[in-house]
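J.: Test case, fold it:
(2 chains)
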There are 2 protein chains.
Amino acid sequence: MSKPKVFEKPLGVKDYLPEAVTKLRNIESRVLACMERWGYNQIITPTLEYYDTVGVASSTEDKKLFKLLDRKGKTLVLRSELTAPIARVASSLLKEQEFPLRLSYHSNVFRSIEEEAGRDSEFYQTGVELIGDASSEADAEVVALAIASLQAAGVETFKIALGHVGFLNGLFQETLDGRTDAQLTLKEHLLSRDYVGYREAIKSLSLTPDVERELNGVLRLRGGDEICEQARMVTQHPIAQDAIRHLCEVWDVLKAYGVSEHVVIDLTMIGDFSYYTGMTFEGYAADLGFPVCSGGRYDNLLSQFGRPAPATGFALKTNRILEVTGKEQVSQKRRVLIVYDAEHRAEALQLAKDMRSDMGNAAMVVTQLIQVQNGKPVEVRRDGYQDVFQLITAE
Amino acid sequence: MSKPKVFEKPLGVKDYLPEAVTKLRNIESRVLACMERWGYNQIITPTLEYYDTVGVASSTEDKKLFKLLDRKGKTLVLRSELTAPIARVASSLLKEQEFPLRLSYHSNVFRSIEEEAGRDSEFYQTGVELIGDASSEADAEVVALAIASLQAAGVETFKIALGHVGFLNGLFQETLDGRTDAQLTLKEHLLSRDYVGYREAIKSLSLTPDVERELNGVLRLRGGDEICEQARMVTQHPIAQDAIRHLCEVWDVLKAYGVSEHVVIDLTMIGDFSYYTGMTFEGYAADLGFPVCSGGRYDNLLSQFGRPAPATGFALKTNRILEVTGKEQVSQKRRVLIVYDAEHRAEALQLAKDMRSDMGNAAMVVTQLIQVQNGKPVEVRRDGYQDVFQLITAE
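T.: Numbers count the residues shown, from 1 in each chain, chains lettered A, B, ... in the order given. Purely as a prediction, here's the structure:
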C-alpha cells in the first residue's frame, strides 16, 4: 500500500487556519454564554466511549460510528454525538443531582464516512440537554433557546420547523395497522423529503380512496398554528390527538416567549424516528439547503443508563453555521511590531510588555531583534502590521 | 468477553463536570488570550492523522501512539501532541506564508496507555510554535511566553529549568566517543532523574579518574547564570561550547524580559533527546512532582514535511495546571429562578429575557412553570438559587 504524502490528512478531516478559528471560537463562546444565561452548565465528556454502552445508545446509525478496539479487545467508538454520553453522566456522576438537569456542551464529533466526497468525518456540535422534565414547557424552552443560540451565533434569517413523531405514529397505526413495512417506507420517504416517492408509495399500497386522501393530506400539514387545527381533523387516533395537543401547548409557550415568528409547524418533518419520542424540530437558515440545528424529545434514552427520565434538547450544527455567517467581518486585532537592536533590547521588551498590558486583547504585539550582517542591519518583514515601532541606534 | 457496565468509560478517560469545565475554560481562554497578545494566532488541526506522516514525526514514543485503521487499511493515529501536525500545516496550507510563523493551540491529545493506574489516555495541552527563527532571541521569547502563560493560568509559584541538548552531546562525544550505548545509558538515567543510577553507570564504564570526575561534575551544573561560566570550564568540545554560548545569550534576553528570577539553568535536564536539537526547558510548580510545561528547539522536524526550518515552542500541561490551581475560587454566577403559573407565563418569560439581557454573563436565569396537582400548586425545587422570583396569582 502506498504511503500517504507528508502533507496529507485522513479523509474528511480538516485544519482550521487562524481566521476560521477566530470565527469558530466566536460562535462557540457566544453560544455557550447564551446557554449559560439560560441556566445550562457546560460539561465535557471523553472522545472515546464504549461501543456497547454509549455507541449502541446513540442516535447515530451503526455503520456511521467510528469504531476501534482497545488493548483488551473491547470495541470503542469516537463519540458521534453528545446526547448519549450526557445521559451516561446524568445516570452516573450526576445521579445524586435532582432533576431537572440543564447541561450544555461544545464538542467535536466523528462519523465514519464512506467514499462520498465532501462529507466531514469530524465536525463540531454545540447543544443542550434538559433532563427530567416531560412538560411542553420544557420542549418550548429548548426551542426558544435554540432560537436565541442561532441569534447569538450570528445567524440572521432562519426558520424552525416543529413536528411531533406521535402524529404520524397515530395516523399510521390507524390507517396502516400492522403493516410495519409500509409504515417504514412512508417514513423513510418523509425523512428524505421525497414527497413524490411518498405519493407513489401510497398509490402502490392498494388503500381505499379515503385513506389515500388522508395520507396524502399529511403533505399539506405545514404552516402556522392553523395546522394544529387542521391536523386535529385528520385523525382521531389517540396517539395523534395527544401529539397535536402537546404541539399546540408548545406553540402557545413559544408565543409567550415572543418567538413564534421564527417557527413553522411541519407535521411531515420526521427526525430520527427510532430515537425521538415526542416533539422534534429542525432549524433552517435562509439560502442553505441543510439544517443548522436539530433536536427533540427522547424519553427512552435515560432508562438505557439506569436512570429513567424524560429529556429534550438540541444541537447546533456549528460547522454549517460557520458557513452561513461567512460574510460576517471578523474583528481584526491591531498588529504591532517592535523592532530593536541589541542595545535597546530591555527597553523594547518593556515597551512590548506595557503595550500588551495596556491594550489587552485588542492588540497583538510582536518583537523582533534586528540582526546585523556585514555591518548592516538586516531589514525585517513589516507587512501585515498596522504599527511599527523602531528602537535602534541611529547610524 | 463481558460487556462494560452502562455507566463505564474506557480506561484513562474522564468526564469534566461543570465546575471543572469552568476552571478548564478559564485557563484555556486566559492562556490563549495571553498568547495572542504576543502575536500567536490560534489554529485547530484534526483529531485523526496518518501514522506514516504526523505519527512517525511526532515526539511521542511509538508504543504510546493511539493507532487505528481507516477503511482502506491505512494506519491512523489520534494526535498525541500538536507540534508535528502544526509542522504539517506550516509546510502545506501555510507554505506561502513567510517565516517567522507564530501559532498557538489548545487541544486534547491522546496516549495509548498500558495497565498503569491513574494515567490519562486523553488530556489537554495549550502551547505555541515559533517557526523560522533560529536565534537565541526566539528561544528566549518562547520561555518568556511560557512564564507569562503560567502566570495567566493562575500558577503562582514555579521555576523554569533551562538546558541545552548540545552540552551533553559535546561532553559525551569528548569523553565517550563512539560508545553510543554508554552515552544512551547515561542520558536515560538523566532523563528519569536517576542520579544514583547515573553515578553507578559511570563507575561501571572503567573510565580514567579525570573523565569520571568530569561526568560526575555534570550533576552539579544546576543553578543561576554562574552555571554557564562553570560549564564553559568542563569541556572544550565545540558542540558543548556552542551550546553554552547559546544558553548564555538566552539567559541575557530573559534578563532583558525581566523574568530571570523564574529561571534556573539545569544542564542535567534532558528532554526528549532524539527530538530536541538545542535549548530545552521544563516548568515546575511549587509542591508538584511533575512538570507543568515543557518545550525546546526542534530544528529537524520541519524538513520531514518538506519545508526545512528552525523552530522552537512549548506546551503547557493544562490538566496539571488544573490541579495546581485547584484551590483558586471559581467565580460563581448569580443563579436566579423565576417561578410562574400559566396566567403569568408571558410576563415571566419576558422578565427572564430582560434579566438575561441586563445581567449578561453574570447570571444564570432559569424559568419554571408551577404545575397544579389536585388543585394545589406543586412546590418546585429552590435550593441552589440566590434569587427566586414568583409570578403567581395569589390564592
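
J.: Quick one: mean pLDDT for stretch A:375-395?
T.: Across stretch A:375-395, pLDDT averages out at 84.

J.: now do stretch A:191-207
T.: The average pLDDT within stretch A:191-207 is 92.

J.: for chain A, where's the lowest mean pLDDT among helices and strands?
T.: strand A:372-373 (a mean of 76; mean pLDDT, DSSP states H and E).

J.: other SSEs contacting that strand?
T.: If you count contacts as 3 or more Cβ pairs under 8 Å, 6 or more residues apart in numbering or on different chains; DSSP states H and E, strand A:372-373 packs onto no helix or strand. For glycine as for every other residue, the C-beta is placed from the backbone atoms N, C-alpha and C.

J.: Helices of chain A, start to end?
T.: For chain A, applying DSSP state H gives helices covering A:18-37, A:56-57, A:83-91, A:136-152, A:165-175, A:180-191, A:195-203, A:209-217, A:226-234, A:238-257, A:318-324, A:345-359.

J.: Which secondary structure elements does the second one sit against?
T.: Which is helix A:56-57. helix A:83-91.

J.: The helix it packs on close to chain B?
T.: Yes - Helix A:83-91 is in contact with chain B by Cβ under 8 Å from any Cβ of the partner chain, via A:85, A:88-89, A:91.

J.: Read off the pLDDT value for the residue lying closest to A:Leu302 once chain neighbours are set aside.
T.: Excluding its sequence neighbours, the residue lying closest to A:Leu302 (Cβ to Cβ, 6 or more residues apart in numbering or on different chains) is A:Ala309, at 4.3 Å. According to the predicted model, the pLDDT of A:Ala309 comes to 97.

J.: List phi and psi for A:Ala309.
T.: phi -170, psi 150 (degrees, to the nearest 10).

J.: Cross-check the contact I'm expecting between it and A:Ala138.
T.: No - look at A:Ala309 against A:Ala138 with Cβ atoms under 8 Å: they stay out of range, at 11.4 Å.

J.: Name the residue in those two with the higher neighbour count.
T.: A:Ala138 (25 against 19; other Cβ atoms under 10 Å in any protein chain shown).

J.: Any stretches of chain A with poor pLDDT?
T.: Counting by pLDDT under 70, the ranges of chain A that qualify are A:1, A:114-118, A:273, A:326-331, A:394-395.

J.: residues contacting the residue nearest to A:Leu302?
T.: By Cβ atoms under 8 Å, 6 or more residues apart in numbering or on different chains, the contact set of A:Ala309 is A:90, A:99, A:131-132, A:299, A:302-303.

J.: buried subset of these?
T.: Buried by 16 or more other Cβ atoms under 10 Å in any protein chain shown: A:90, A:99, A:131-132, A:302, out of the contacts of A:Ala309.

J.: about what we covered before: can I get the residues of helix A:83-91 next to chain B in a markdown table including distance to B:Leu190 and neighbour count?
T.: Converted to a markdown table, the residues of helix A:83-91 next to chain B look like this (distance: Cβ to Cβ, whole Å; neighbours: other Cβ atoms under 10 Å in any protein chain shown):
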| residue | distance to B:Leu190 | neighbour count |
| --- | --- | --- |
| A:Pro85 | 42 | 27 |
| A:Arg88 | 44 | 28 |
| A:Val89 | 43 | 24 |
| A:Ser91 | 48 | 21 |
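
J.: Compute the number of surrounding residues for A:Phe123.
T.: 18.

J.: how's chain A carved up into domains?
T.: A:18-325, A:334-391 (automatic domain parsing).

J.: hang on, the earlier thing: direction included, what does the least confident helix or strand of chain A pair against?
T.: strand A:376-377 (antiparallel) (DSSP bridges).

J.: List just the one of the helices of chain A that sits closest to B:Gly278.
T.: Ranking the helices of chain A by distance to B:Gly278, with Cβ to Cβ as the measure, places helix A:345-359 first at 20.2 Å.
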